[in-house]
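>>> 3D model of this:
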Amino acid sequence: MIQPDQWREILHKSILYGLLFKALALDAQKLNQDQLKMSYRPVLDTISMWAERKYHEYRSQFGKLGGKIHAQKTTDSLLYSVLVTVRGRQEECIYNVNHLKAECQVRLNNFYTTPSSKRTGMYNMYQWIKVAKNPPSDNERVIFVTLFTMLYYFK
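A predicted model of the protein is given here:
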């Protein structure tokens with residue numbers, strides 16, 4: 001049985017992952033404009049695809065609950081307004097922009113640190129960065145780079 005206000009949580013997650021997906025796309029464009037020593041595009045693409053999948057997953061759940069998003073906009077630099085219809089009732093949900101940004105950052109950090117992201121190799125890369133203070137031998141570096149490359153290309 002669905003809770004009466006469960007749609008609010010699902011809508012909230014849909015908004016978060018939608019904003020995260022858009023922010024990653026904008027950041028990728030900015031990185032393309034700068035001349036960097038390495039390409040971070042594959043990493044951003046992986047994270048962006050993950051955020052987009054989560055966004056569509058929650059948006060679909062919201063639709064199954066009888067919800068429809070009509071408009072999303074920033075009313076000023078502090079508030080984010082979303083106009084929805086749920087089971088025939090029109091609702092306006094207002095969020096604090098700074099809270100949404102912070103929650104997006106938490107989800108991004110969780111992507112790097114949770115074992116569920118092992119599929120993409122990001123978890124392994126994060127673990128490697130954590131032990132950088134105690135550098136591994138050259139043989140361990142070669143093994144890591146090989147494993148990371150295999151995880152990325154053969155996912």
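
>>> tell me the spacing between the residue nearest the centre of the chain and residue 76.
The centroid of the chain falls nearest to residue 51 when counting by C-alpha atoms, centre = their mean (3.7 Å). Residue 51 sits 25 Å away from residue 76, going by C-beta to C-beta, to the nearest Å. (Glycine included, C-beta is placed from N, CA and C.)

>>> okay, and residue 38 sits in which element?
Using DSSP states H and E, residue 38 falls within no helix or strand.

>>> neighbours around it, how many?
By other C-beta atoms under 10 Å, the residues close to residue 38 number 6.

>>> and for residue 45?
Using other C-beta under 10 Å, the number of residues around residue 45 comes to 13.

>>> so what's it closest to, chain neighbours aside?
Leaving aside its chain neighbours, residue 45 sits nearest to residue 28 (7.5 Å; criterion: C-beta to C-beta, 6 or more residues apart in numbering).

>>> in the longest helix seen in the chain, what counts as buried?
Criterion DSSP state H: the longest helix present in the chain is helix 6-33. Residues of helix 6-33 classed as buried by neighbour count (16 or more other C-beta atoms under 10 Å): 7-8, 10-21, 23-24, 28.

>>> over to stretch 104-118?
Buried positions in stretch 104-118, judged by neighbour count with 16+ other C-beta under 10 Å: 104, 107, 108, 111, 117.

>>> hmm, which of the residues you listed is lowest in pLDDT?
Lowest pLDDT among these: residue 117, with 45.

>>> separation between the residue nearest to residue 45 and residue 21?
Distance, residue 28 to residue 21, by C-beta to C-beta: 11 Å.

>>> list the residues that contact both of the two?
Common neighbours of residue 28 and residue 21, using C-beta atoms under 8 Å, 6 or more residues apart in numbering, are residue 48.

>>> which one of the buried residues of stretch 104-118 is nearest to residue 32?
In terms of C-beta to C-beta, no member of those lies closer to residue 32 than residue 108, at 19.4 Å.
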